[in-house]
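Visitor: have a look at this fold, sequence not included:
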């Protein structure tokens, strides 16, 4: 069974601080997605990373896919209260498991003004 | 506007009474999938579909059925619901398989 360990589970920081969220597995993934979810709503896709070592930037958010395609990180620079939410990583199965998606349990981020 | 529409948004029902949660997307996406979200367990995939008439089990398929007769619709069927299926359910779709782009707003099911 594939597992995605996400850390930390909770993070409470002040506006302007930097933070990193990690997503780790012993399994190889075809791709990895990052989502943000607000209470009472569905997850919203932030980014998809596909190639080992790939780095993608979305304004103040930087996403990295590990060289071996087993792990990923999300780094937020100068966090703002609007970044508050639940951040989820999700790995797409490899080979015969393509289409199968495994989610991490999420990182609940709170950014205080 | 790109949309994934789930109905109903909320439902309280009783054990054993068959129910269907509908999911429809307007983006002509081939890939659709269902998830349940539970506190402490996160989001778990129930079923997914790569295209019309092609469906596959996710990680927690027991007690659920799906069908994909048309590209736009992917209903989730609970033939005999039980209390352990009380959860928040999400449907999603995408152009690329295994990479859901758009999620519905969720259906909160309570089974008494």
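Guide: Alright, I've got the coordinates. It should be emphasised that the depicted structure is a prediction, and the values quoted were computed from it without experimental measurement.

Visitor: show me which residues of chain B sit near chain A.
Guide: Counting by Cβ under 8 Å from any Cβ of the partner chain, chain B comes close to chain A at B:4, B:31, B:33, B:35, B:40-45, B:48, B:50, B:56, B:58-59, B:90, B:92, B:96-106. (Glycine included, C-beta is placed from N, CA and C.)

Visitor: can you spell out which helices and strands pack onto the helix or strand bottoming out on mean pLDDT in chain A?
Guide: Of all helical and strand segments in chain A, the minimum by mean pLDDT, DSSP states H and E falls on strand A:101-103, at a mean of 91. On a contact count with 3 or more Cβ pairs under 8 Å, 6 or more residues apart in numbering or on different chains; DSSP states H and E, strand A:101-103 meets strand A:85-92, strand B:42-51.

Visitor: a helix runs through residue B:2, doesn't it?
Guide: No - judged by DSSP: H, G, I helix; E, B strand; the rest coil, residue B:2 forms no part of a helix; its state is coil.

Visitor: that one and chain A, how far apart?
Guide: Separation of residue B:2 from chain A (Cβ to the nearest Cβ, to the nearest Å): 11 Å.

Visitor: which non-adjacent residue is nearest that residue?
Guide: Excluding its sequence neighbours, the residue lying closest to residue B:2 (Cβ to Cβ, 6 or more residues apart in numbering or on different chains) is residue B:27, at 5.2 Å.

Visitor: the one you found contacts residue B:102, correct?
Guide: Yes - in this structure, residue B:27 is within contact of residue B:102 by Cβ atoms under 8 Å, at 6.9 Å.

Visitor: show me whatever sits in contact with both of the two.
Guide: Counting by Cβ atoms under 8 Å, 6 or more residues apart in numbering or on different chains, the contacts common to residue B:27 and residue B:102 are B:2, B:3, B:93.

Visitor: what's the residue in chain A positioned nearest to chain B sitting at in phi/psi?
Guide: Closest residue of chain A to chain B, Cβ to the nearest Cβ: residue A:42 (3.1 Å). Phi and psi for residue A:42, reported as degrees, to the nearest 10, are phi -80, psi 160.

Visitor: in contact with it, which residues?
Guide: For residue A:42, the contact set (Cβ under 8 Å, 6+ apart) comprises B:4, B:90, B:92, B:103, B:104, B:105, B:106.
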